[in-house]
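1. pasting a predicted model and its sequence here:
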Amino acid sequence: HIECSAMIESISESFAATHKFGVHAGGIDLKFPHHTNEIAQAEAYHNDGTENVTKRGEEWIPHWVHTGHLHIQGMKMSKSLKNFVTIRQLLSTSSSSSSLASPADDFRLWCLGISGSYRGPATYSEARIQEASHIRQKIVRFLIDGE
């Protein structure tokens, strides 16, 4: 876990003048012990003797989001199982010749609402992306044509 804290610390120092980490996210399986250890290591490094406060006078990263797992073909998506979809594959999936076709926007819409709550598991499939495409195209047509 020290390598994760070290990477975040390096990025934080590089962008300290313009950015700071407000949110850190990961799968629900990282909540304990991975993220708990990251917090403990970083706050021990930065602690000024005041509970939960770093030398900068604030929490290391104040907000943590833990998401449900992404499933594909009935199993948790995993590099080791080789059951994943690459960005290149996702972007090449559009079978529509419509000028409104946008696989990236279809995926965004799926992530924002069609996949369910961010805390629960989400099941990715081409059918779910097609559903998002259909909904998104209806929204776009309404905005363009008022239909």
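-> Nice, I can see it.

2. what about the strands in this protein?
-> Shown for the chain, the strands assigned by DSSP state E span residues 23-27, 63-67, 70-72, 75-76, 122-124.

3. okay, these in CSV with mean neighbour count next?
-> C-betas here are computed from N, CA, C, even on glycine. Putting these into CSV (neighbours: other C-beta atoms under 10 Å) gives the following:
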stretch, mean neighbour count
strand 23-27, 13
strand 63-67, 13
strand 70-72, 16
strand 75-76, 12
strand 122-124, 18
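
4. out of the ones you listed, which is closest to Ser12?
-> Among the strands of the chain, strand 23-27 comes nearest to Ser12, with 11.0 Å by C-beta to C-beta.

5. pull the CA atoms of that closest one into CSV?
-> Listed in CSV are the C-alpha atoms of strand 23-27, where the atom choice follows Å, rounded to 0.1, in the frame of the first residue of the first chain:
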residue,chain,number,x,y,z
VAL,A,23,-11.8,12.6,-3.7
HIS,A,24,-10.1,9.2,-3.9
ALA,A,25,-12.0,6.2,-5.3
GLY,A,26,-11.8,2.5,-5.8
GLY,A,27,-13.7,-0.7,-5.7
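
6. what pairs with it, and is each one parallel or antiparallel?
-> With DSSP bridges as the criterion, the sheet partners recorded for strand 23-27 are strand 63-67 (parallel).

7. who are the contact partners of Cys4?
-> Taking C-beta atoms under 8 Å, 6 or more residues apart in numbering, we find Cys4 in contact with His34, Glu38.

8. try 10 Å
-> By C-beta atoms under 10 Å, 6 or more residues apart in numbering, the contact list for Cys4 reads His24, Gly26, Leu30, His34, His35, Asn37, Glu38, Gln41, Ala42.
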